[in-house]
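Chemist: Next comes the sequence, and after it the predicted model I'd like to discuss.
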Amino acid sequence: MASNDANLSEDNSEQVEVRKQKLAKLKTTGAIVYPNDFKPTHTPAEIFNNFASANAEELAAAPKDIRIAGRIMAIRRMGKASFFHIQDRRGRLQIYIQQNRVGEDVYGLFRTLDMGDIIGVAGHLFRTRTNELTLEAEGLRLLTKCLRPLPEKWHGLADVEARYRQRYLDLMVNPDVRQVFEARSRVVRTLRRFFEERDFLEVETPMMQPIPGGAAARPFITHHNTLDMELYLRVAPELFLKRLLVGGFDRVFELNRNFRNEGISVRHNPEFTMLEFYQAYATFEDLMQLTEELFQTLAKEVIGSLQVTYGDHVIDLSPPWRRLTIREAIMTHGGAVNEDVDTLDGLHRYAVKKGIHVDS
């Protein structure tokens with residue numbers, strides 16, 4: 001494994017050097033190598049939305065100067081004509097380029113392009129013999145030279161640690177990850193709308209606190225130079241939100257960053273986002289109902305269904321949700337019986353039987 005990693009690193013270094021040489025050669029021509037004046041008229045997704053079912057006549061009537069920009073993700077060179085695919089955050093589109101259409105200079109530039117380069121293309125739409133919607137290039141510009149090679153096509157970026165440490169690579173080559181980012185954005189947008197529609201006020205509370213509170217967690221410690229005092233990054237926003245209730249705001253919520261100086265894994269980040277909301281003149285049953293409505297709204301807005309697939313399971317969020325006390329939940333799902341939950345000693349024995357450590 002170590003030998004393979006060393007060979008891969010050496011190959012990457014050679015490719016980086018070749019790409020740097022291409023960039024240096026381009027600079028000697030006087031070309032602007034990182035232009036910022038290319039303005040796309042469409043995204044690949046918009047093209048497919050508008051023209052996916054268009055026939056040849058309809059494509060002939062489509063705009064003749066469609067301009068799109070994106071990263072090259074595949075290239076098929078065939079002499080004086082080639083196909084390649086470019087990708088942006090919304091999708092991917094095939095491009096066809098011919099030397100006799102764009103000219104020797106532009107086609108010569110195309111020959112120097114590598115996987116990962118970001119380009120701008122202008123042209124018109126047509127269908128190939130296999131009926132694939134394609135943009136025939138009439139102009140092409142290099143917008144950003146990618147100096148490092150993308151992960152190898154078939155194995156991709158499979159190493160979990162590398163994916164989380166180099167998130168930008170993960171986003172480039174794994175479409176499912178981009179969908180997670182976009183789903184998260186829709187979740188946050190829906191959360192805000194849900195609470196605002198119910199007359200909740202969004203607030204921001206201090207991230208640096210003199211006393212960390214609201215959760216039993218180890219805080220990160222920092223030092224305020226001007227005040228010469230230690231402060232703590234918050235572990236939860238609870239106490240400050242409750243002060244706002246005392247101050248007269250009956251309904252508040254906060255989408256906030258919290259910091260807990262504890263374990264770390266791909267599922268546990270010391271820095272994370274939390275939603276907390278508080279409502280005066282309400283019982284815990286009211287907040288249970290509100291939480292049920294919140295998750296149902298999120299499911300319908302984000303995935304379009306109340307049936308959520310998680311691993312091999314399908315979770316049905318349809319109302320009404322079953323309400324269980326803690327006692328009922330332990331007995332129903334943990335296999336406890338009455339004598340296990342009637343006394344503290346019984347709970348201790350039950351915990352030992354289940355292999356759960358409980359402080360004496």
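Modeler: Here it is on my side, so go on.
Chemist: what bits of this structure have low per-residue confidence?
Modeler: The model of the chain has pLDDT under 70 over residues 1-11, 152-158, 360.
Chemist: Now do the strands in the stretch 51-200 of the chain.
Modeler: Secondary structure of the stretch 51-200 of the chain (DSSP state E, counting those that start in this stretch): strands located at 66-78, 81-88, 91-98, 118-127, 133-144.
Chemist: Put together TSV for those strands, with distance to residue 57 and mean neighbour count on each row.
Modeler: Where C-beta positions appear, they are placed from N, C-alpha and C, glycine not excepted. Listed next are the strands of the stretch 51-200 of the chain as TSV, based on distance: least, Cβ to Cβ, whole Å; neighbours: other Cβ atoms under 10 Å:
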stretch	distance to residue 57	mean neighbour count
strand 66-78	17	17
strand 81-88	24	18
strand 91-98	19	19
strand 118-127	11	20
strand 133-144	15	19
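Chemist: would JSON lines of those with distance to residue 175 be doable?
Modeler: JSON lines is the format used below for those (distance: least, Cβ to Cβ, whole Å):
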{"stretch": "strand 66-78", "distance to residue 175": "10"}
{"stretch": "strand 81-88", "distance to residue 175": "9"}
{"stretch": "strand 91-98", "distance to residue 175": "9"}
{"stretch": "strand 118-127", "distance to residue 175": "17"}
{"stretch": "strand 133-144", "distance to residue 175": "18"}
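Chemist: Mind checking those for the one nearest to residue 321?
Modeler: Closest to residue 321 of the strands of the stretch 51-200 of the chain is strand 91-98 (Cβ to Cβ; 36.8 Å).
Chemist: Tell me which of the strands of the stretch 51-200 of the chain sits nearest to residue 243.
Modeler: It is, among these and with distance given as Cβ to Cβ, strand 81-88, at 45.0 Å.
Chemist: Are there helices or strands packed against that closest one, and which ones?
Modeler: In terms of contacts (3 or more Cβ pairs under 8 Å, 6 or more residues apart in numbering; DSSP states H and E), strand 81-88 is packed against helix 44-51, strand 66-78, strand 91-98.
Chemist: between it and strand 118-127, how big is the angle?
Modeler: Orientation check (axes from the mean of the first three to the mean of the last three Cα atoms, to 10 degrees): strand 81-88 against strand 118-127 gives 120 degrees.
Chemist: just checking, what packs against the strand or helix carrying residue 288?
Modeler: Assessed by DSSP states H and E, residue 288 sits inside helix 284-302. With contacts taken as 3+ Cβ pairs under 8 Å, 6+ apart, helix 284-302 sits against helix 175-197, strand 271-279.
Chemist: Which helix or strand lies directly C-terminal to that helix?
Modeler: Sequence order places strand 307-310 as the next helix or strand after helix 284-302, per DSSP H and E.
Chemist: CA atoms only: put that next one into CSV for me.
Modeler: The C-alpha trace of strand 307-310 is given here as CSV (Å, rounded to 0.1, in the frame of the first residue of the first chain):
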residue,chain,number,x,y,z
GLN,A,307,-41.6,8.6,3.7
VAL,A,308,-37.9,8.9,4.3
THR,A,309,-35.4,6.2,3.3
TYR,A,310,-32.5,5.8,5.8
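Chemist: How far away from the center of its chain is the helix or strand just after that strand?
Modeler: The C-terminal neighbour of strand 307-310 among helices and strands, as given by DSSP H and E, is strand 313-316. Strand 313-316 has its C-alpha centroid displaced from the chain centroid by 23 Å (Cα atoms, centre = their mean, to the nearest Å).
Chemist: Could you measure from the residue nearest to the spatial centre of the chain over to residue 122?
Modeler: Closest to where the C-alpha atoms of the chain average out (Cα atoms, centre = their mean) is residue 181, at 1.9 Å. For residue 181, the distance to residue 122 equals 29 Å [Cβ to Cβ, to the nearest Å].
Chemist: Repeat that for residue 38.
Modeler: Taking Cβ to Cβ as the measure, residue 38 falls 9 Å from residue 122.
Chemist: now swap in residue 75 and tell me
Modeler: 19 Å.
Chemist: re the thing from before, residues in contact with the helix holding residue 288?
Modeler: Helix 284-302 is contacted by residues 183, 186-187, 190-191, 194, 198, 279, 305-306, 308, 317-321, 323 when judged by Cβ atoms under 8 Å, 6 or more residues apart in numbering.
Chemist: can you rerun that using 7 Å?
Modeler: The contact list for helix 284-302, computed with Cβ atoms under 7 Å, 6 or more residues apart in numbering, reads 183, 186-187, 190, 194, 279, 305-306, 308, 317, 319, 321, 323.
Chemist: now stretch 205-212
Modeler: 219, 222, 231-235, 237, 240-241, 254, 256-257.
Chemist: Now the buried members of these.
Modeler: Using 16 or more other Cβ atoms under 10 Å as the burial test, the contacts of stretch 205-212 include 219, 231-235, 237, 240-241, 254, 256 as buried.
Chemist: which of the residues you listed lies closest to residue 28?
Modeler: Comparing these against residue 28 with Cβ to Cβ places residue 233 closest, at 49.9 Å.
Chemist: Please list all residues in contact with residue 233.
Modeler: The contact partners of residue 233, taken as Cβ under 7 Å, 6+ apart, are 207-208, 219-220, 222, 259.
Chemist: That one pairs with what?
Modeler: Under DSSP bridges, the beta-bridge partners of residue 233 are residue 208.
Chemist: Distance-wise, check it relative to residue 275.
Modeler: Distance from residue 233 to residue 275, by Cβ to Cβ: 18 Å.
Chemist: do residue 86 as well
Modeler: To residue 275, residue 86 is 37 Å away according to Cβ to Cβ.
Chemist: what does residue 262 give?
Modeler: Distance, residue 262 to residue 275, using Cβ to Cβ: 20 Å.
Chemist: Noted, bye for now.
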